[in-house]
Structure formats: structure tokens, C-alpha cells
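Novice: everything below, folded, please.
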Amino acid sequence: MTNDYIVKPVYKALQVLLCLGEERREMALSEICYRVAMPKTTTFRYLQTLCACGFVTHDPGTDLYRIGLRLWAIGQLAREPLHLRETALPAMRELRDRFNETVNLGILDGRDIVYLDMVESRRSLRMQAQLGGRDPVYSTALGKAMVAFLPEDRWPEHLPTRLTPRTDASHTTLASLRDDLRRTRERGYGLDDGENEEGVRCVGAPIFDQDGHVAAGVSLSAPAARMNDRALPEAAASVIQTALAISCRLGYRPR
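Specialist: Okay, here's the model as predicted:
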């Protein structure tokens, strides 16, 4: 451990947790101590802390420890983005092939969107976000499409109290942004008209899970010259259709 920012007790407790996880069986305190090379008293305290959090369980009858269900639940959460990407990819490729423009898949994370996946245009001039990259909700078609379909009392969770314009086309007031979100909900898609990057137009639609909640968003990005006002209606309709197809594959059933 050479990183000065590492909290050593946390690191050591996680070594105890990893030991149990890698063995995939119940273990006695003495064996855990031997494998992690820590004193018995220290290891016992870490185990008790992990038990209190639900990450480890202890059987008083056998005095053995094993991985707890809380850790399994967290693992399931970690699998969700991977499942979403695998489910969305075929429909994203179809959308890319239809327009030969870049298709993005993103999720909400606070006031940002995070790009989970993308299928790039084959054109030399193409729009490209960075996998794992972030952009503000308020300046992106993906962000506006996802937030617009949340209850309005949840909008503040994803919008800053003050907007910092990304371009000359960006929203500068929350009032105008809220109006845009309501229009987005009415028409079924979000529009970034050069608001996040000059000269780029993007249209996005929400993806819903089996419970009807917003799970993600999909968007089509292109230079504004190619996604002009004449091309926009067809692009928007196709993005909505793609989002619906992905939603249905996730178990969503339209009303």
C-alpha cells in the first residue's frame, strides 16, 4: 500500500471480506487470521463490523463465518449496467445502421449522465462521447429525456441550482429548462440543439424497466448540418422506437 489516501483499517477489513469471498465456503476465525496474516483480535473486530453491515454472517452454532446476502445484493446491482448494455446493443446497432450516425446509451447519476455504451457512425466526421464519461443533464438530449419522465418533484435531484452555459445555445435559467423538460415529456424525446457542443445536434428518448421506471436513455448524435430540421422528425421517431424496443426487452409493458 503506497497510496497515502488509502484508509488502512478499511483496506484490511476488505481483505478479510475478499478472503471469505474467494474461498466460497464457511471459515473459522483462526483460518481467516492465517490467510490474511492479521492478529486474531483485529480480524475478529473486522468480522464483527462486516457482520453488522450484513456483508458477512456468523453461525453461533458452528462459530463459522461466510459471505452475507447484503454483498450478493450489491453484486446484483453491479450487474445491472452490464445487462442493460447487452440488452440495448442490438437495437442500438440497428439505429446506427439506419442513419449511419453515432448512438449513445446513458444513465442518470445525480446531475450528470454517464455514457455506458455507444455504437459509432462509420462516417469520417462523427460525434463521439467517451465511455464512462459524463455530461450535465441540462445540456444533453439523454439527460433531458430521462429527467422529463421522472415525477417533477424529483427534478431538483438532477438539476443544479444555477446553470452554467456550455455553449451560446445552452439554457441559462431553470424556468426555460423546466419548460423544455415539459415539452420533452409531451413529444416523447429530448433535444440537444447545440447546447452541449457547438455544431452538434442530438435527440434522445428514455428507456423504462419492467416496473415502468426510467432506467436509462438512448440518443442519436450528428453534426447539425446532417440532422437538420428536415431530418429531425424521422430521427426522433426512430429514437423513440429504439428506446421502446429496448424497454420491452427489459420487461416493460406499454400502457
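Novice: per-residue pLDDT, T2?
Specialist: pLDDT recorded at T2 is 55.
Novice: meant to ask about R253
Specialist: So R253 comes in at 90 (pLDDT).
Novice: skipping its backbone neighbours, what lies nearest it in space?
Specialist: Computed as CB to CB, 6 or more residues apart in numbering, the closest residue to R253 that is not its neighbour in sequence is Q210, at 7.8 Å. Just so you know, the C-beta spots here come from the backbone N, C-alpha and C atoms, and that holds for glycine as well.
Novice: ok, and what's touching the one helix or strand T41 maps to?
Specialist: Per DSSP states H and E, T41 falls inside helix 40-53. Residues from elsewhere that reach helix 40-53, judged by CB atoms under 8 Å, 6 or more residues apart in numbering: 9, 12-13, 16-17, 29-30, 32-33, 36, 38, 56-58, 65, 68, 70.
Novice: equivalent analysis for stretch 155-171, please.
Specialist: Under the contact criterion CB under 8 Å, 6+ apart, stretch 155-171 has outside partners 108, 110-111, 136-139, 143, 147, 150, 172-174, 177-178, 180-181, 193-198.
Novice: the same query, at a cut-off of 6 Å, please.
Specialist: For stretch 155-171, contacts defined as CB atoms under 6 Å, 6 or more residues apart in numbering pick out 111, 137-139, 147, 172, 177, 193-196, 198.
Novice: now, the residues you listed that are in strands?
Specialist: D193 (DSSP state E).
Novice: OK, contacts around the residue nearest to V218 when sequence neighbours are not counted?
Specialist: With sequence-adjacent residues excluded and distances taken as CB to CB, 6+ apart, V218 is closest to A243, at 5.0 Å. Neighbouring residues of A243 by CB under 6 Å, 6+ apart: 205, 207, 218.
Novice: sitting in strands, which of those residues do you find?
Specialist: Of the contacts of A243, the ones assigned to strands by DSSP E are 205, 207, 218.
Novice: among those residues, which one lies nearest to S238?
Specialist: Nearest to S238, judged by CB to CB, of these is A205 at 9.5 Å.
Novice: is it true that the closest one touches L191?
Specialist: No - look at A205 against L191 with CB atoms under 6 Å: they stay out of range, at 10.6 Å.
Novice: neighbour-wise, which of those two wins?
Specialist: Ranked by neighbour count (other CB atoms under 10 Å), A205 and L191 place A205 first, with 30 against 21.
Novice: what about stretch 145-159, start to end distance?
Specialist: 13 Å (CA to CA, to the nearest Å).
Novice: mean confidence score for that stretch?
Specialist: Per-residue pLDDT over stretch 145-159 has a mean of 95.
Novice: how far is that stretch from where the chain is centred?
Specialist: In terms of CA atoms, centre = their mean, to the nearest Å, the centre of stretch 145-159 is found 15 Å from the chain centre.
Novice: buried residues in that stretch?
Specialist: Applying a neighbour-count criterion of 16 or more other CB atoms under 10 Å, one finds 145-150, 155, 158-159 buried in stretch 145-159.
Novice: cool, stretch 197-206 as well?
Specialist: Under 16+ other CB under 10 Å, the buried positions of stretch 197-206 are 197, 200-206.
Novice: how distant is it from the center of its chain?
Specialist: The answer for stretch 197-206 is 18 Å, by CA atoms, centre = their mean.
Novice: returning to that earlier point: out of the contacts of A243, who's nearest E186?
Specialist: A205 (13.1 Å).
Novice: isn't A222 right up against N100?
Specialist: No - counting by CB under 6 Å, A222 stays clear of N100, with 9.0 Å between them.
Novice: more neighbours, the two?
Specialist: Set side by side, A222 and N100 show more neighbours around A222, with 24 against 13, by other CB under 10 Å.
Novice: neighbours of the closest residue to that one other than its chain neighbours, just the number please.
Specialist: Leaving aside its sequence neighbours, A222 sits nearest to E101 (CB to CB, 6+ apart; 4.2 Å). For E101, the count of nearby residues is 26 (other CB under 10 Å).
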